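>>> Generate coordinates for the sequence data below:
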Amino acid sequence: MPHTWLAKPTVGGALHAWLTAPGSLSWRIQARCPAFSVRRLRQEQARPHVDEAGIVGVAPGRHALVREVILRCGEMPVIFAHSVTRARHLKGPWRSLQGLGSRPLATMLYDDPRILRRPLAFRKLNARHPLFRRAAQVLPDLPAEIWARRSVFLFRGAPLLVTELFLPAIMRLKP
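Numbering: from 1, shown residues only. Model prediction:
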């Protein structure tokens with residue numbers, strides 16, 4: 001089952017509460033961290049990972065818009081977030097992404113009632129997964145495995161896939 005995303009996480013306690021929390025993860029962190037910030041790592045045309053391409057409707061090997069950020073409490077990274085959508089949607093439904101800068105994606109996703117969120121999916125990632133390896137490039141002290149969740153947001157039929165990797169420091173904040 002190495003490539004399966006689960007309907008429910010198989011972890012309990014505070015981490016389960018963080019993983020399954022509804023609504024905006026950014027807002028939830030902000031409520032528990034007075035020094036919340038978003039550090040944008042990249043926002044560019046790139047090839048989505050194999051398990052992402054079909055979800056957003058990109059042919060294998062083709063480019064999409066990829067955005068990566070770290071959500072931080074003070075200087076402490078708590079979430080590595082990775083978003084993917086078709087490049088052509090930047091001229092349509094997801095054009096607001098272009099001016100987002102280092103603001104959280106939540107400012108866009110949860111302010112518009114026309115944006116629908118599909119159910120969350122969960123997975124424990126390790127060095128075999130490309131997102132884990134990408135996070136490890138910018139966060140070298142990752143443990144051997146970390147939990148992630150992802151979901152698709154739909155706006156006028158255009159999918160935006162958002163994946164959030166829960167870094168160990170998230171456990172320093174109350175869920």
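>>> which other residues reach the helix or strand of the chain with the lowest mean pLDDT?
Least confident helix or strand of the chain, by mean pLDDT, DSSP states H and E, is helix 106-109 with a mean of 86. With contact meaning Cβ atoms under 8 Å, 6 or more residues apart in numbering, helix 106-109 is reached by 24-27, 96-97, 100, 115, 117, 153, 160, 162. C-beta: built from backbone N, CA, C; applies to glycine.
>>> Show me which positions of it end up buried.
Under the neighbour-count criterion of 16 or more other Cβ atoms under 10 Å, helix 106-109 has 106, 108-109 buried.
>>> Of those, which is the nearest to residue 6?
Of all the buried residues of helix 106-109, residue 109 has the smallest distance to residue 6: 22.5 Å, by Cβ to Cβ.
>>> Can you report how many residues neighbour residue 122?
Burial of residue 122 is recorded as 20 neighbouring residues (other Cβ atoms under 10 Å).
>>> ok, so what distance separates it from residue 138?
22 Å (Cβ to Cβ, to the nearest Å).
>>> who touches the nearest residue to residue 60 once chain neighbours are set aside in this structure?
The shortest distance from residue 60 to any non-neighbouring residue, by Cβ to Cβ, 6 or more residues apart in numbering, is to residue 53 (5.7 Å). For residue 53, the contacting residues are 47, 59-60, 62, 64, by Cβ under 8 Å, 6+ apart.
>>> at 10 Å what do you get?
47, 59-62, 64, 84, 86, 161 (Cβ atoms under 10 Å, 6 or more residues apart in numbering).
>>> Mind listing residues that contact stretch 166-175?
9, 11, 13-21, 25, 28-29, 31-33, 70-74, 76-80, 122, 125, 135, 139, 141-143, 146-149, 164.
>>> chain center to that stretch, what's the gap?
From the chain centre to the centre of stretch 166-175 is a distance of 15 Å (Cα atoms, centre = their mean, to the nearest Å).
>>> Same check on stretch 128-139?
Relative to the chain's own centre, stretch 128-139 is displaced by 13 Å; criterion: Cα atoms, centre = their mean.
>>> how deep is residue 164 tucked in, by neighbour count?
Neighbours of residue 164 (other Cβ under 10 Å): 25.
>>> Run me through the strand neighbours of whatever helix or strand it lives in, direction for each.
Secondary structure assignment for residue 164, by DSSP states H and E: strand 158-166. Using DSSP bridges, strand 158-166 pairs in its sheet with strand 76-85 (antiparallel), strand 146-155 (antiparallel).
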